[in-house]
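# sequence isn't available, so here's the structure alone:
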C-alpha cells in the first residue's frame, strides 16, 4: 500500500477518534488518578535532568514522600511526569496525550492487519479485502465506547501504552519474519524486544506478547496440516503459557507469591469462585464490545459471584459458550487463519487479568489489548457477503454500506455520550450508582466527594453520612472495607465537632480491622482534638512498634509529647521523620517548634525558616516564628514576622485562622494570646 494512502488512513483515524473524544479533554481528575498522579509528588518534576527523570521511574503512589525500591510501571510514570512538567495539574494535556497514544495504537493495529495479509498463509487473498478489513476492523475498535475507560480515564494510560508497545512489538516481529535482509531482520527483532520491555514497563499484562508471537509464527508461517507442527504448537504454547503466567503473577504480586495470594483473604471470593465468575464476565465483555451502549458502560458493575457451575445458572452456559468460541477459533486456523488468530488473541490476552490473580473482578479497560483484532471476523464477513451477493443485489450492497456507516457513527456517538459521565467526579459516580445499585463503591465515592472532595461543604455532611450508611450494606470488592467507610464517617462527625459519634465510628472501624494503621492514626488524631492526651499516646504506641517507619506516625507521637510538656523527647522522633522526608513542611514546623519549646531558639528559627519557604504557602510557620521570637525575648523580630503576615494575608483570614488555632491540639502548643494581640495591633497599625 503506498505511503500516501497510509498517511491518509492515519489522518482519517485521527479525525474520527478526535471527534469521538473531543468532549473529554477538560474532564476532571478521577479515582485512581489522584494517588497515582495528582498526589504522587515523585512525578511533580520542575526540570528535565537525568537524575530527576530517573527518580520518576521509582514513583510510589502509596507514599508520595518516599521513593519505592522497585520500579512501578516506569514507562507510563515517566510520561505522567513529563505531562506534569508541561502543564502541572491541568488534565487537558494528560487527556490529549492519551488520545494521541490511542490514535497511534489504532494506526499500528491497521498496519499489523495489512502485514498479516502478506504472510505465506494469506498471500492469495485479494488486496482489496486486506484494505477493507484492516480499515473497518480498526475503525470499529478505535471508536468503540468500551474503550473510554482506558482512554478517557487518565491513569489507564497504563493500559493504552502497554497496548501501543504490544502492537508495535507484533509489527516489528512480522517485519523481521517477512524480510530477506539480514541486517533489517536483526534490527526488527531488536525493536520487537525493546517494545516488549517498554510494554511491560507500562503495565504487566503485556507479558503475554511472546505467546502472541508464537501464535503468529505457527498460524501464519508454519504448515498446520502437519501433525508434528500442531503438536509443537500445543507444546510450546503450554510451556510458554505456564512460564508467562508465573512471571505475570510475580509482576502483579511484586514478586511475593504467597503474600499476593493471601490477598484472597481480604476478598469476598475465593480463587475458584473468581475463576468461575470470570467465565461469565468474559461473555459480558464480549457483549459490551459488540453492544457498547453508553447505558451499559460503567466504572462499576454489579456482579454476582459464581459459587459453583450451577450458581448462578449462567455460569455453565458461559463456560460452554467460551469453549465453543475457543474451539471455533482453533478450527478456523487452517481455512481462515486471521479469524482464528483474532479469536485466540482475545482469549490469550485475558488469561492474566481474568484468571486467578486476586484482582477485582471486572473493569472495562481490561478489554483494550485483548480486543485489538476482535472486529476482524466481522469485517471479513461483511466483505465476503458484499462480494458474493453485492454484484447481484444493488440493494444489499447499499444496505451493507449504510450499515457500516451507521455502525461507525453509532460507536463514535456512543463514545462521545459515554464521555459525558467522566465530566466530573460527581457525574461519574452518580452514573455508576444508577448502573450498579448493589455496589458500595459508587455510594462511598459520592459521599467522599461531598465531605472531602471538590464538593465538600458542611451542608453536604448529612447527605454524605446517609450515603456512607447505605454503602455499609452493599457489595464491596474487599472484605473489611466497612472499616474504611466507618473511618470516613468518623471524619465527618469530627468536622461537625460531634466527637462522641466520631469516637464510636472509629472504635467500630478498629473492631473490624484491628490492623488498620489509618484507623488507629485517625483515632489518635481524634483523641488529640478531644484533649485526651494519655489515650492518644496509648493508641499511638502500637503504630510505632510495627516495624514500619512512617513519618506521619512519628509526627503524631512528637505532637503528643509537645502537648504533654516533653518537647525534648519529641525531637528524636521528628529528626527521624525529617530523615525520611526532608521536604515535608509539617515535620519542619513541628521540629522547629520542639526546639523552640526546648529553649533552642536559634536552631528553631533556622528550621522554621525552611518550613516558611517550603510549599504549600501556610500561615502556621509565621505564627511559630513569632512564638519563637517572643519566647526568646526578641519582640522586634516577632514584630517583623507579624508585619510579614499582615502583608501576605488578608485581615479576616488572619482573624479566622487565629480563632481556628485556639484550643486546637492538632498544632503545637503556642502563645496564641500574645501572638493574637501582636497581630491585631499590627493590623490596626498600633505598636504598643
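Thanks, I have the structure now. In this text the structure is predicted, and so the values were computed from the model without any measurement.
# with adjacent residues omitted, what lies nearest to residue 486?
residue 509 (3.9 Å; Cβ to Cβ, 6 or more residues apart in numbering). Any C-beta I mention is one placed from the backbone N, CA and C, and that applies to glycine too.
# my guess is that neighbour contacts residue 517, does it?
No: Residue 509 lies out of contact with residue 517 (Cβ atoms under 8 Å); the separation is 12.0 Å.
# neighbour count: these two, which is higher?
Counted by other Cβ atoms under 10 Å, residue 509 and residue 517 do not tie: residue 509 has more neighbours, with 26 against 15.
# contacts only, for that one.
482-484, 486-487, 490, 516, 519 (Cβ atoms under 8 Å, 6 or more residues apart in numbering).
# can you map out the helices along the stretch 401-550 of the chain?
Using DSSP state H, counting those that start in this stretch, the helices of the stretch 401-550 of the chain run over 425-435, 440-451, 461-471, 481-495, 499-512, 517-529, 533-544.
# number of nearby residues for the closest residue to residue 411 other than its chain neighbours?
Leaving aside its chain neighbours, residue 411 sits nearest to residue 143 (4.6 Å; criterion: Cβ to Cβ, 6+ apart). Neighbour count for residue 143, taken as other Cβ under 10 Å: 27.
# contact partners for residue 143?
Listed by Cβ under 8 Å, 6+ apart, the contact set of residue 143 reads 16-17, 20, 408, 411-412, 415.
# got phi/psi on residue 28?
Here is the backbone geometry of residue 28 (degrees, to the nearest 10): phi -80, psi 170.
# that one against residue 425, yeah?
Yes: Residue 28 is within contact range of residue 425, at 5.7 Å (criterion: Cβ under 8 Å).
# where's the residue nearest to residue 411 relative to residue 299, distance?
Distance, residue 143 to residue 299, using Cβ to Cβ, to the nearest Å: 20 Å.
# same question, residue 118
In terms of Cβ to Cβ, residue 118 sits 40 Å off from residue 299.
# and residue 526, by the same measure?
Distance, residue 526 to residue 299, using Cβ to Cβ: 32 Å.
# which parts of the host helix or strand of residue 80 are buried?
Here residue 80, judged by DSSP states H and E, is contained in helix 74-87. Applying a neighbour-count criterion of 16 or more other Cβ atoms under 10 Å, the buried positions in helix 74-87 are 74-85.
# follow-up on the earlier one: any common contacting residues for residue 28 and residue 425?
residue 454.
# who has more neighbours, those two?
Neighbours per residue, other Cβ under 10 Å: of residue 28 and residue 425, the larger number sits with residue 425, 22 against 16.
# contacting residues for the closest residue to that one other than its chain neighbours?
Spatial nearest neighbour of residue 425, excluding adjacent residues (Cβ to Cβ, 6+ apart): residue 449 at 4.9 Å. The neighbourhood of residue 449, defined by Cβ under 8 Å, 6+ apart, consists of 425-426, 429, 455-456.
# before we move on, back to that, show me what the helix holding residue 80 is in contact with.
Under the contact criterion Cβ under 8 Å, 6+ apart, helix 74-87 has outside partners 36-37, 40, 42-48, 53, 56-59, 93-94, 97, 157-158, 161, 165, 198, 201-203.
# swap in stretch 50-69?
When contacts are defined by Cβ under 8 Å, 6+ apart, stretch 50-69 is touched by residues 35-36, 39-43, 45, 70-72, 74, 77-78, 80-81, 551, 580-581, 583-584.
# tell me the average confidence for that stretch?
Mean pLDDT, stretch 50-69: 80.
# and stretch 477-489, what's buried?
By neighbour count on 16+ other Cβ under 10 Å, the buried set for stretch 477-489 is 477, 481-489.
# equivalent analysis for stretch 271-278, please.
273-274, 276-278.
# so which of those residues is the closest to residue 659?
Looking at the buried residues of stretch 271-278 and their distance to residue 659, the nearest is residue 274, at 53.3 Å (Cβ to Cβ).
# I'd say that closest one and residue 358 touch.
Yes: counting by Cβ under 8 Å, residue 358 is a contact partner of residue 274 at 7.1 Å.
# good, wrapping up.
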